[in-house]
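**Student:** What follows is a predicted structure for the sequence shown.
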Amino acid sequence: MTVQLIPFLMFNGNASEAISFYETALEAKVLFKQTVGEGPLSPEVQLTEEQQAQISHSILSIGETDVYASDLIPGQKLQVGNQVTICITTNDAGKSRQYYEALLPGGKVLQQLGEVHFSPAYGMLTDQFGVTFQIFTTRH
C-alpha cells in the first residue's frame, strides 16, 4: 500500500495567479488545471463569469512532490493562517537560497535563511499569498 501526503493550497480567487508565481519561483510544472466553468455545472447553479474562471482543481509538480491548489468554493471564506506549511527539502544550499529568494517578494521573513544546528541552510517565510514555506537543506 502506498500513502502520500499531498499539500492542498486553497486560495480566495487568486489561485491562477499563485500557480503562475510558483511556476517561476519553484519551477513548478502544471500537470492539471481546470476552471470551475470547464467542469460539470449543475443547471440550478448560477455562477458569474469571474466564478467560472476560478480554479476548481490543479496539480503542480515541484521536484518529486505533487501539490494541489484551487480556489475556494464560491461562498466559502478563506481562513488565512499557517494551517498549511510546505517544507521544501533539498541537499543543495544554493537551490535553497534560490527558492527562498524567489518566494520572498511581497512576503514576510519568519526565520532568515542560514545555518542552524540541523541544517546548513534553513529558513522560513510566508509568501505574498499567505502560504508558509520552510526551506530545509539536508547535510551531505
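**Tutor:** All right, it came through fine.
**Student:** next helix or strand past the lowest-mean-pLDDT helix or strand in the chain?
**Tutor:** Of all regular secondary-structure elements in the chain, judged by mean pLDDT, DSSP states H and E, the least confident is strand 85-90 with a mean of 85. Next helix or strand after strand 85-90 toward the C-terminus (DSSP states H and E): helix 93-103.
**Student:** list the buried ones in the very next helix or strand once past that following helix?
**Tutor:** Scanning forward in sequence from helix 93-103 by DSSP H and E, the next helix or strand is strand 108-116. Residues of strand 108-116 classed as buried: residue 113 (neighbour count, 16 or more other CB atoms under 10 Å). C-beta here means a position set from N, CA and C on the backbone, and glycine is covered the same way.
**Student:** Which strands or helices does the least confident helix or strand of the chain pack on?
**Tutor:** Applying 3 or more CB pairs under 8 Å, 6 or more residues apart in numbering; DSSP states H and E, one finds that strand 85-90 contacts helix 93-103, strand 132-137.
**Student:** any chance of the ones you listed in CSV, with mean neighbour count too?
**Tutor:** Shown next, in CSV, are those (neighbours: other CB atoms under 10 Å):
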stretch, mean neighbour count
helix 93-103, 18
strand 132-137, 21
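**Student:** which stretch in those is the model least sure about?
**Tutor:** Least confidently modelled of the helices and strands packed on strand 85-90 is strand 132-137, at a mean of 89 by mean pLDDT.
**Student:** Only alpha carbons, please: show stretch 7-16 as PDB.
**Tutor:** Output in PDB follows, covering the C-alpha atoms of stretch 7-16 (Å, rounded to 0.1, in the frame of the first residue of the first chain):
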ATOM      1  CA  PRO A   7      -0.300  19.600   0.400                       C
ATOM      2  CA  PHE A   8      -3.500  21.300  -0.800                       C
ATOM      3  CA  LEU A   9      -3.400  25.000  -1.100                       C
ATOM      4  CA  MET A  10      -6.700  26.900  -1.000                       C
ATOM      5  CA  PHE A  11      -7.000  30.400  -2.400                       C
ATOM      6  CA  ASN A  12      -9.600  33.200  -2.300                       C
ATOM      7  CA  GLY A  13     -10.000  33.700  -6.100                       C
ATOM      8  CA  ASN A  14      -6.300  34.200  -6.900                       C
ATOM      9  CA  ALA A  15      -5.200  30.500  -7.400                       C
ATOM     10  CA  SER A  16      -4.400  31.100 -11.100                       C
END
